[in-house]
Every structure is written in structure tokens, then in C-alpha cells.
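Asker: Next input, structure requested:
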Amino acid sequence: MGILRTILALAVVVYHSYKIFGLRLCGGQVAVQSFYMISGFYMALVLNEKYTGKGFYKSFIISRFYRIFPAYWVVLLCAVLVSVVGLYGFGKPYYLARYLSGKDCLSWATVLWFGLENIIVVGQDILYFLRLDEFCQPHLVYNPLSFRHTGYQYLFVPQAWSISIEFVFYLVAPFLVTRKLRWQLLVVLLSLGLRYFFATKLYLSFDPWTYRFFPFELAFFIAGSLAYRFYKWLETRPAKPWIGYLALTVLLVLIIFYDQIILPETGKNYAFYILFLLALPFMFYSFKNNKTDRYIGELSFSIYIIHLLVVSLLRKQFFGNPYLLDYYGYVVIVITLLLAIAMQRWLIEPLDRYRHKLSSR
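Answerer: Residues are numbered from 1 along each chain as shown. Next comes the predicted model:
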């Protein structure tokens, strides 16, 4: 499933930059929610087969911490440095722009809050439900993206809101993905029921409610856990590897040509999610011992966490020169891939070796 994870990460890159080969791929929401399902699958796998016994919860959380936070902090530091150099060297403050424009009305408490969110990550999704009034006072509102002054504009790594949701899931996953099937099904139904109620009765069927509100997204994580259950059943009835290869091929085609499929968006999305869940066990079965696929998949996190910095640095150059715009997506992808490979080689892999040592203890 490594190839699938990296293609989904690249779909987010395209979504934030510019189309490639005339295509927008599947977009940010579909890619992120597909990642949630993959995460649910893997967390169910490790929590049922690896992290068991006394002290498992602490070991699991520490392992997840080392997998996410050091890489995030490196990218955060790069974003801060780029902003400082841009401000004093070229008069372009990048991610410091909102802080500077609001310096006369932002309270120290608000600056401290936003600064801490940039460091601790957990809670960043809340900033997507936050607007600031004319006195720079923060308020939780149901439609913050309709305002010009919002909380997420103070994030140096804006895409990390999904990492916040991921980590919250890690905190509760040991109490959910190890439960009996009926309880996991109940969580999925409750989460989907809440989503349906808010969308139809309260008319909250727009961003950020569509994929940034944890109670609604929990259904995708636990659905991935249910796919793991099916995989365990599949292990007792060995399947042909070609089924997993075919499933991957079909999903890749759908992801690449997603915006060319003329169907109502909600129906198209959920049809894709169902197919995705059905394919997960077969793909994992076929690729679980493939080292090349695993390496490609490991790049997905680095791609996701570094890409928006590249997008921001290059946006003005390409949008300011329309004749270059068609090359924007390709250039962002190439630079992001090179940075991701470097990050994987000199940061992620050493940290992975260290966290595996910790977990083996």
C-alpha cells in the first residue's frame, strides 16, 4: 500500500499547487480521509499484534510521538527561518505576515496560544473553527472560512491540522480498535449519524465541518480498523496476490482521473471510500512483504509535511508569470520529492531505528 499512500500525498500536493497533465487528481478531502482509513488499518494492526501487554499504551504513544513530532518540528523551524529571512532580506514575511499585520491589536495571550499550537500541534484543527474580530479577539464560529481573519492563518505548517486529528486518534485508538466488532460498528454508525444530522438539520455541510471535525472523522479511522478485521479473516483463506495488484491499479486510476468522473460529489466520494475499504485488506496482503513498496510509502509523510512550504515559496513566481503556470505543479512535486527523500534518509530513518529500539524494550 506504500505506492497508494504516496500517490495520495502527491494528490494533496497537486491540490495545493497546480494541476499536472491537465488533471487535479482526487483533491485534498478525499486524500486526507483515505489516509484516515489507512491509519485506522495500521493502528488496528499494531495495537492487536505488537503493542500488547503491560505498558503497551505508553510504548505506543511514545512510538507515535517519535514518528511525527521531530519531523514536524524540523519543518516548523524551516518555515520560521524562511519567514525571518524573507522578512529581513526580501521584505516578504511569509508565515509571519498575519502576526505582523495584527501586532497592534493581538493580545499576548492570543499570540502565546497560537505560538503554542504551532509547537504542540494537537489542537491546530480547532483554529480552523476560529475567527478573530476587529479587535483581534478569537471566537469559535461555525463558518470561520467565510471571514478574512481566521485562526489557521497563524499556523506556520497549516496542513498539520490533520496531524492533530491523527494524534488525537492515536490517543484513543487503543481503547477502540481492540474492541469487539459490534462496538466498532457502533462507533462508525454514531460518527456517520452525527455527520448526517449536522449536515441535514443544521446545514453544516461545508469546510471545515466536512473533514476537519474529529467526531465526524472518527468513522473513517474505525472503518480502517474494520478493514483490518477483514484482513485477519483473509489470512485464514489465502487470497491470490493479483487481487491486491488489481485493486491498487483500479484505485490509482480513480485517484488520477477523479475530477473527470461526472457524478454528484458526495455520492462519488462515498462510493470511492467503500471501494477503498474493500481493497485495503487485499492490497496489504499482496504488498506487506514488499520492501520497495514500503520505502515508497514511507515518503508519504515527508511529502505531506514539507510540501506546503515549497508551494508557498514558489507561488508568487509562477502565478506572477502566467506563461510558467503550467509548470508549477511539476516543479513543486519534484522539489518536494527530493526534500522528502533527504528527510527520509537523514531524519526519519534514524528516528525509526531509535523508536523501534524503544518499542523492543
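
Asker: show me the contacts for V32.
Answerer: Shown in contact with V32 (C-beta atoms under 8 Å, 6 or more residues apart in numbering): V12, S162, Y211. All C-beta spots, glycine's among them, are computed from the backbone N, C-alpha and C.

Asker: pLDDT value on it, please?
Answerer: Note on V32: pLDDT of 97.

Asker: Am I right that G2 is in contact with K291?
Answerer: No - with contact defined as C-beta atoms under 8 Å, G2 does not reach K291; the gap is 9.5 Å.

Asker: Tell me the buried residues in stretch 309-317?
Answerer: Neighbour-count burial for stretch 309-317 flags L309, V310, V311, S312, L313, L314 (criterion: 16 or more other C-beta atoms under 10 Å).

Asker: Likewise for stretch 34-41?
Answerer: S34, F35, Y36, M37, I38, S39, G40, F41.

Asker: Next: stretch 186-205.
Answerer: V187, V188, S191, L192, R195, F198, A199, L204.

Asker: Kindly reformat those as CSV containing pLDDT and distance to T236.
Answerer: Output for the buried residues of stretch 186-205, formatted as CSV (pLDDT from 0 to 100; distance: C-beta to C-beta, whole Å):
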residue, pLDDT, distance to T236
V187, 97, 25
V188, 98, 24
S191, 98, 29
L192, 97, 29
R195, 96, 34
F198, 96, 40
A199, 95, 39
L204, 94, 43
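
Asker: Tell me how far G55 lies from L176.
Answerer: Distance, G55 to L176, using C-beta to C-beta, to the nearest Å: 19 Å.

Asker: between the two, who's got more neighbours?
Answerer: L176 (19 against 9; other C-beta atoms under 10 Å).

Asker: pLDDT value on the more buried one, please?
Answerer: For L176, the model assigns a pLDDT of 97.

Asker: Quick check: P350 vs I61, distance?
Answerer: Per C-beta to C-beta, P350 is found 20 Å from I61.

Asker: Could you do Y270 as well?
Answerer: 32 Å.

Asker: Ok, N269 next?
Answerer: Applying C-beta to C-beta to N269 and I61 gives a distance of 31 Å.

Asker: When the two are compared, which one has more neighbours?
Answerer: N269 (20 against 16).

Asker: residue contacts, the more buried one?
Answerer: Each residue near N269 by C-beta under 8 Å, 6+ apart is listed here: Q29, V30, Q33.

Asker: C-alpha coordinates for stretch 206-219, CSV please?
Answerer: C-alpha atoms of stretch 206-219 as CSV (Å, rounded to 0.1, in the frame of the first residue of the first chain):
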residue,chain,number,x,y,z
PHE,A,206,-19.1,22.7,4.3
ASP,A,207,-15.5,23.1,5.2
PRO,A,208,-14.3,22.8,7.9
TRP,A,209,-17.1,20.5,9.0
THR,A,210,-16.7,18.2,6.1
TYR,A,211,-13.3,16.8,7.1
ARG,A,212,-11.7,18.8,9.9
PHE,A,213,-14.1,17.9,12.8
PHE,A,214,-12.7,14.9,14.7
PRO,A,215,-16.0,13.3,15.9
PHE,A,216,-17.1,13.1,12.2
GLU,A,217,-13.8,11.8,11.0
LEU,A,218,-13.6,9.0,13.6
ALA,A,219,-15.8,6.9,11.3
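
Asker: any low-confidence regions in the stretch 51-200 of the chain?
Answerer: Nowhere does the stretch 51-200 of the chain drop to pLDDT under 70.

Asker: residue boundaries of the strands in it?
Answerer: According to DSSP state E, counting those that start in this stretch, the stretch 51-200 of the chain carries its strands in the segments 130-132, 138-140.
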